[in-house]
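In: Structure for this input, please:
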Amino acid sequence: MGKRAASLSLDLDNKWSYMKNNGSDNWNEFQSYLDIFVPYVLELLKELDLKLTFFVVGQDAEFEKNHKYLKMIADEGHEIGNHSFKHETFLHLYTKEELQVEIEKAHTAIKKVTGRDCKGFRGPGFTWSQELFEVLEEKGYCYDSSTFPTIIGPLARMYYFKTSKLTDEQKKERKELFGKLSDGFMKLRPYFWTLKNNRRLYEVPVTTMPLFRLPIHMTYLVYLSAISEQLAFFYLKCAIYLCKLTRTSPHFLIHPTDLLGGDMVSGMEFFPGMQIAGHKKAAFFKKVIGIFSRHFTLVSMDGFVNGILKTNKKEVNINSKPIL
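Out: Presented below is the predicted three-dimensional model:
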């Protein structure tokens, strides 16, 4: 029997979006590190022979200075996904009409630059709503990947608020950032949301450790590596063992800050892990991917979704209330 598939994605959050979510006053100057990060990560992915899904923020596609770099991603054969237009981490507060504008505006801007129609979506900060899923299905999207089944979302949010410059009003808007405690009990394996009139949308959760529901995305591994690389690798191997034990095909999430070091980008000192040099993060990432590749076949999200819908239909859980 061959190896199960594991899907990979990268949320292409730009420097301005991190500044915005940290409460920085000058975030709307739209500072960018795409000119540094995109060539860097594409070379790294080519070295590792990896194809993954880049979730692009529509606002970045509006600026001509970014066009070259966004097109490079598509030209290298990576899937392009929609990560909203304004990258606001409270999409659950949007009306359906506001969501329609947000999704369409991002979709149009991204397609104009990359030449690609987005078929997948991820909400910033793992925020989602039933109205969002309806908008995506009506737009013809194949899948969503906004759910994050972890029990530590509220703790992560508390820490984030404590270290940010957000006002009380901004914190109130972001009260579901990183998810609610109840999100920790949602299903880990892919399933269908059942929408109005028996329509459906496929959901690919960002995988957390089976049973314990702790994060296993790259940002959390980088955090652990700052304490001890041995601890990070032990933690990852435990997560992989539990994924295989429970027949969970993991979806592994990456962010630019997982690969960029403070020696490569200035003004990001507020974000955890930026004290680690870029070359050390790259070496750590290669080791993480090496461990994953020994146990799984690594694919982009569109490759995973197309494959599982065609060959593993029996593993798709059709459920409008994905609670264990």
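
In: What are the contacting residues of whatever helix or strand residue 55 lives in?
Out: In this structure, residue 55 sits in strand 53-56 according to DSSP states H and E. Contacts to strand 53-56, defined as CB atoms under 8 Å, 6 or more residues apart in numbering, come from residues 7-12, 70, 73, 78-83, 106, 110, 114, 118, 120-122, 300-302. Every residue, glycine included, has its C-beta placed from N, CA and C.

In: in this structure, what secondary structure element scores lowest on mean pLDDT?
Out: Between all helices and strands in the chain, the lowest mean by mean pLDDT, DSSP states H and E belongs to strand 317-318, at a mean of 39.

In: as a whole number, average confidence for the strand holding residue 55?
Out: With pLDDT averaged residue by residue, strand 53-56 scores 98.

In: Next: stretch 163-171.
Out: Rounded mean pLDDT across stretch 163-171 is 74.

In: Give me the buried stretch members for it, please.
Out: Of the residues in stretch 163-171, 164, 166, 170 count as buried by neighbour count, 16 or more other CB atoms under 10 Å.

In: Now intersect those with the helices, please.
Out: Using DSSP state H, residue 170 are the members of the buried residues of stretch 163-171 that sit in helices.

In: residue ranges of the strands in the stretch 1-150 of the chain, please?
Out: In chain order, the stretch 1-150 of the chain shows strands spanning 4-11, 53-56, 79-82, 120-121, 143-144, with DSSP state E, counting those that start in this stretch as the criterion.

In: In CSV, list those strands along with distance to residue 217 and mean neighbour count.
Out: Written out in CSV, the entries for these read as follows (distance: least, CB to CB, whole Å; neighbours: other CB atoms under 10 Å):
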stretch, distance to residue 217, mean neighbour count
strand 4-11, 10, 23
strand 53-56, 13, 27
strand 79-82, 16, 26
strand 120-121, 17, 25
strand 143-144, 17, 22
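
In: Quick one: closest of those strands to residue 215.
Out: Go through the strands of the stretch 1-150 of the chain one by one with CB to CB and the one that ends up closest to residue 215 is strand 4-11, at 13.8 Å.

In: neighbouring strands for that closest one, and are they parallel or not?
Out: Based on DSSP bridges, the strands next to strand 4-11 in the sheet, each with its direction, are strand 53-56 (parallel), strand 251-254 (parallel), strand 296-300 (parallel).

In: next SSE after the second one?
Out: Downstream of strand 251-254, the next assigned helix or strand under DSSP H and E is helix 278-295.

In: Now do that next one, average pLDDT.
Out: Looking at helix 278-295 alone, the average pLDDT works out to 98.

In: As CSV, could you dump the C-alpha coordinates of it?
Out: Listed in CSV are the C-alpha atoms of helix 278-295, where the atom choice follows Å, rounded to 0.1, in the frame of the first residue of the first chain:
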residue,chain,number,x,y,z
GLY,A,278,16.7,32.9,8.1
HIS,A,279,19.3,30.3,7.2
LYS,A,280,18.5,28.4,10.4
LYS,A,281,14.8,28.5,9.7
ALA,A,282,15.4,27.2,6.2
ALA,A,283,17.6,24.3,7.5
PHE,A,284,14.9,23.5,10.1
PHE,A,285,12.2,23.6,7.4
LYS,A,286,14.1,21.1,5.2
LYS,A,287,14.4,18.7,8.1
VAL,A,288,10.6,19.0,8.9
ILE,A,289,9.8,18.4,5.2
GLY,A,290,12.2,15.4,5.2
ILE,A,291,10.3,13.8,8.1
PHE,A,292,6.9,14.4,6.5
SER,A,293,8.1,13.0,3.2
ARG,A,294,9.2,9.7,4.8
HIS,A,295,5.6,9.1,5.8
